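J.: structure here, sequence nowhere to be found:
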């Protein structure tokens, strides 16, 4: 294969354009969590990126290089476009320059100017409308115009439009041009279609250094880190000397992976491959950003201090690094120092710092930056408004997020709608989120896959199966292209909403599966207590040559824990280390302690903690404390609790757990002492609440709740449930009430547990034989578990309860957990 590097003029133009910092907002809506996994979607990572501009630059031609003329003013572009419309798109009429266009430009150059100017001003629809008009006129679209058209498709994240443009490129034979090929890769990268981008790269007859850096950046932005690393190795073997932009892309890759070892390696690589003795400001800034994200602020600051010329981007990177590391005071001080040195923050600075505030949940600093924007005459662009809405949403300040969203009454794009919808998802405001989605559609804004993933995530968290099914039907009806991310979100939604059969069916029907989808179904089976099925999926995964990662084994160990598969869990732990060369992380040890503890092997679990090569955290000790409570071992439980409270003394949940251990052992004075201490420092127990979806509406019940509009009917059903339970010989398990009160009060307290209130509402609100699905924020207590088994038989209902740890499928007096939870 021939690798051409083009003329010096082309290389200079590419390098200049590549080093431009993108102003595209880099926020990320809330994502699906799979135990400890976040499924990453195709929006950029929520930090400032010191990387190439989102799209391949055009080669220097009369249509893209106008001898110093500034042609990017949107108003001027619209005036020229209006003139064209007035002349009915007559190709032979020369566009009047009025000083804006140099004379003598060909019609092709003039059209290309308009399309390029629209894309530069983030007006992709205008660019594509003009392109469509040219196609109707049978105008010759050449290899100079095609990259701008592809850029517009990427700005809209429209795979469909991008594929149509790609088809035209193939038909005209323009794909043989390296600039067009690079633009195709970037377009597919912006649309999160990594497989298509890689296909374009692999089929290119001619590649330049930009081709390599573009592909690396595409893989990095879409979280395909292993593939990106492999491509860097291949680039090195092919002896392709990286440009500075390529090295910036590499630095961004290791920033995203937060791999300190590789970060130091790329730093050395940059030094070896730099053409000058001193590294340039852009690559130094990228390295600073990389070190900051790897948690090494010392190295980042050393690079920063070594810069003889600090640009606003350099200051921004260093300040953002401090905020990301939650060192807010140092970040604020550096911001003030930047102003003292007469370096003025620009919009990208404010975008980046506000994004980091959202990332670290630094609400007060985010508000201060918002105030700075307003006081210092910044024009609040749509991009800036979007990241502020996203920041407020991540900080759970829905009121300010909505106020800011409402202030952008005109020209709202899909990004700001998605940010507001994600803010509602973050706050579990499911009704408001779906109302906003309907309003968005009524305004003619087409949701992106990110928007849909946010809705599916919200349905998954709330257990809202009917709403999740509605979103699925919307995907089918609107023919939304289902990629890895969307398919994984659907699998996850069905699994978390209790329909594991639908999740399994979607997984089996998927033609292509990435590691996230395998992990989603393994985690889903584990949550439902189907340990054997999870192991079968893992075996199939191994047969197909899919390499598992750390998250895979977290899901598998959880599955073994919930199914009581101790021997299998031990084997998996050994296999992870010795077969797949994965280093166990704290989460894996936590899973093993949970597995052994649930099985009653408390001493072995304790020995594993003592033999850990890393310091056990609160999750590990918490698993042992919970096991001691389950198996009534207050002595070991107290020992573990001492370690737990030393790590997180103000964690309410752990204090409650310890109090409950004492209460279960009838050590009421000790239990009261813990609760007295909690009260003294203002600590409050997390209240139990349960969610149930009926006719597309999610209802929430708190323990002892009397506020529901139908509380009288619910109370009547509760009395009926209690009477039928008594007739069936049921005796309330008052030991589940860990307070020193009399038995009658305990029975009343048990009746008003949140899941029983939700169950009563489900029984009066749904037709006979309709399954009832409930989501509870806490572990189901022994009494509610026993009562629900009987109620499923009495009322002939399937009752599916998702508690904090797993699913319980109650049917005909039995539970899928086999009383092992």
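T.: Done, it's in. Please read these numbers as outputs of a predicted model, since none were measured by experiment.
J.: could you use CA atoms for every contact and neighbour count after this?
T.: Fine.
J.: which regions of the stretch 351-500 of the chain sit below the pLDDT cut-off?
T.: The model of the stretch 351-500 of the chain has no residue with pLDDT under 70.
J.: ranges for the strands of the stretch 651-800 of the chain?
T.: Applying DSSP state E, counting those that start in this stretch to the stretch 651-800 of the chain gives strands spanning 689-694, 697-702, 772-776, 799-802.
J.: between these, which gets nearest to residue 183?
T.: Closest approach to residue 183 among the strands of the stretch 651-800 of the chain is made by strand 697-702 (45.2 Å; C-alpha to C-alpha).
J.: buried residues in that closest one, which are they?
T.: 698, 699, 700, 701, 702 (16 or more other C-alpha atoms under 10 Å).
J.: what helices and strands are in contact with it?
T.: helix 430-442, strand 689-694, helix 754-765 (3 or more C-alpha pairs under 8 Å, 6 or more residues apart in numbering; DSSP states H and E).
J.: now those in CSV, with mean neighbour count and distance to residue 312?
T.: Below are the helices and strands packed on strand 697-702 laid out as CSV (neighbours: other C-alpha atoms under 10 Å; distance: least, C-alpha to C-alpha, whole Å):
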stretch, mean neighbour count, distance to residue 312
helix 430-442, 16, 36
strand 689-694, 22, 48
helix 754-765, 23, 54
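J.: just put the ones you listed in JSON lines and tack on distance to residue 521.
T.: JSON lines is the format used below for the helices and strands packed on strand 697-702 (distance: least, C-alpha to C-alpha, whole Å):
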{"stretch": "helix 430-442", "distance to residue 521": "24"}
{"stretch": "strand 689-694", "distance to residue 521": "23"}
{"stretch": "helix 754-765", "distance to residue 521": "26"}
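J.: buried set for stretch 192-208?
T.: For stretch 192-208, by 16+ other C-alpha under 10 Å, it's 192-194, 196-198, 200-201, 204-208.
J.: check stretch 568-586 too.
T.: So, applying 16+ other C-alpha under 10 Å, buried residues of stretch 568-586: 568, 569, 572, 573, 576, 582, 584, 586.
J.: same thing with stretch 808-821?
T.: 808, 809, 810, 811, 812, 813, 814, 815, 816, 817, 821.
J.: and the two most separated of these?
T.: The span of the buried residues of stretch 808-821, defined through C-alpha to C-alpha, is set by 812 and 821 at 18.9 Å.
J.: still on that earlier bit, would you turn the strands of the stretch 651-800 of the chain into CSV with distance to residue 245 and mean pLDDT?
T.: Below are those laid out as CSV (distance: least, C-alpha to C-alpha, whole Å; pLDDT from 0 to 100):
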stretch, distance to residue 245, mean pLDDT
strand 689-694, 50, 91
strand 697-702, 49, 90
strand 772-776, 49, 93
strand 799-802, 49, 94
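J.: so for residue 442, which of those strands sits nearest?
T.: The closest of the strands of the stretch 651-800 of the chain to residue 442 is strand 697-702. By C-alpha to C-alpha, the value is 20.8 Å.
J.: so where's this structure uncertain?
T.: For the chain, applying pLDDT under 70 flags the ranges 1-106, 275-278, 653, 664-665, 682-685, 733-751, 821.
J.: mind listing the strands for it?
T.: For the chain, the strands defined by DSSP state E occupy 33-34, 37-38, 689-694, 697-702, 772-776, 799-802, 807-811, 814-815.
J.: and residue 121, which of those strands is closest to it?
T.: Closest among the strands of the chain, using C-alpha to C-alpha: strand 37-38, at 33.1 Å.
J.: by contact count, what packs against the biggest helix by length in the chain?
T.: Longest helix in the chain by number of residues (criterion: DSSP state H): helix 711-727. Contacts defined by 3+ C-alpha pairs under 8 Å, 6+ apart place helix 711-727 against helix 754-765, helix 782-794.
J.: angle of it against helix 754-765?
T.: Here helix 711-727 runs at an angle of 100 degrees relative to helix 754-765 (axes from the mean of the first three to the mean of the last three C-alpha atoms, to 10 degrees).
J.: contacts for helix 711-727, please.
T.: 751, 756, 757, 760, 761, 763, 764, 787, 790, 791, 794 (C-alpha atoms under 8 Å, 6 or more residues apart in numbering).
J.: hmm, back to that, closest one of the buried residues of stretch 192-208 to residue 390?
T.: Closest to residue 390, out of all of the buried residues of stretch 192-208 and judged by C-alpha to C-alpha, is residue 192, at 20.8 Å.
J.: gap between the closest one and residue 154?
T.: 10 Å (C-alpha to C-alpha, to the nearest Å).
J.: same check, this time on residue 182
T.: 13 Å.
J.: cool, and residue 481?
T.: With the distance defined as C-alpha to C-alpha, residue 481 ends up 15 Å from residue 154.
J.: who has more neighbours, those two?
T.: Shown here are residue 481 and residue 154; by other C-alpha atoms under 10 Å, residue 154 has more neighbours (26 against 13).
J.: for that one, give me its contacts.
T.: Residue 154 touches 162, 186, 187, 188, 189, 190, 191, counting by C-alpha under 8 Å, 6+ apart.
J.: top of those residues by neighbour count?
T.: Most neighbours among the contacts of residue 154, by other C-alpha under 10 Å: residue 187, with 34 neighbours.
J.: near the closest residue to residue 292 other than its chain neighbours, how many other residues are there?
T.: Of all residues not flanking residue 292 in the chain, residue 321 sits nearest, at 4.9 Å (C-alpha to C-alpha, 6 or more residues apart in numbering). Counted with other C-alpha under 10 Å, residues neighbouring residue 321 total 31.
J.: isn't residue 321 right up against residue 298?
T.: No. Counting by C-alpha atoms under 8 Å, residue 321 stays clear of residue 298, with 10.7 Å between them.
J.: buried stuff in stretch 163-183?
T.: 163, 165-166, 169, 174-183.
J.: from residue 618, how far out is residue 648?
T.: From residue 648 across to residue 618, the span is 7 Å (C-alpha to C-alpha).
J.: what about these two, which has more around it?
T.: Set side by side, residue 648 and residue 618 show more neighbours around residue 618, with 20 against 13, by other C-alpha under 10 Å.
J.: isn't that one up against residue 644?
T.: Yes. Taking contacts as C-alpha under 8 Å, residue 618 lies within contact range of residue 644: 5.6 Å.
J.: columns distance to residue 673 on top of the contacts of residue 154, output as JSON lines?
T.: Output for those, formatted as JSON lines (distance: C-alpha to C-alpha, whole Å):
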{"residue": "162", "distance to residue 673": "66"}
{"residue": "186", "distance to residue 673": "62"}
{"residue": "187", "distance to residue 673": "63"}
{"residue": "188", "distance to residue 673": "61"}
{"residue": "189", "distance to residue 673": "58"}
{"residue": "190", "distance to residue 673": "57"}
{"residue": "191", "distance to residue 673": "57"}
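J.: closest one to residue 547 out of the residues you listed, please.
T.: Of the contacts of residue 154, the one sitting nearest to residue 547 (C-alpha to C-alpha) turns out to be residue 189, at 23.7 Å.
J.: ok, now how distant is that closest one from residue 215?
T.: For residue 189, the distance to residue 215 - C-alpha to C-alpha - is 8 Å.
J.: now swap in residue 800 and tell me
T.: Residue 800 sits at a distance of 46 Å from residue 215 (criterion: C-alpha to C-alpha).
J.: ok, residue 817 next?
T.: 47 Å.
J.: hmm, back to that, so which of the strands of the stretch 651-800 of the chain comes closest to residue 417?
T.: strand 697-702 (21.9 Å).
J.: now the angle from the longest helix of the chain to helix 782-794?
T.: 90 degrees.
J.: mind listing what's buried in helix 711-727?
T.: Buried residues in helix 711-727, counted by 16+ other C-alpha under 10 Å: 714, 715, 717, 718, 721, 722, 724, 725.
J.: how about stretch 598-616?
T.: 598, 599, 600, 601, 602, 605, 606, 608, 609, 616.
J.: which of these lies closest to residue 415?
T.: The closest of the buried residues of stretch 598-616, once distances to residue 415 are taken by C-alpha to C-alpha, is residue 616, at 40.8 Å.
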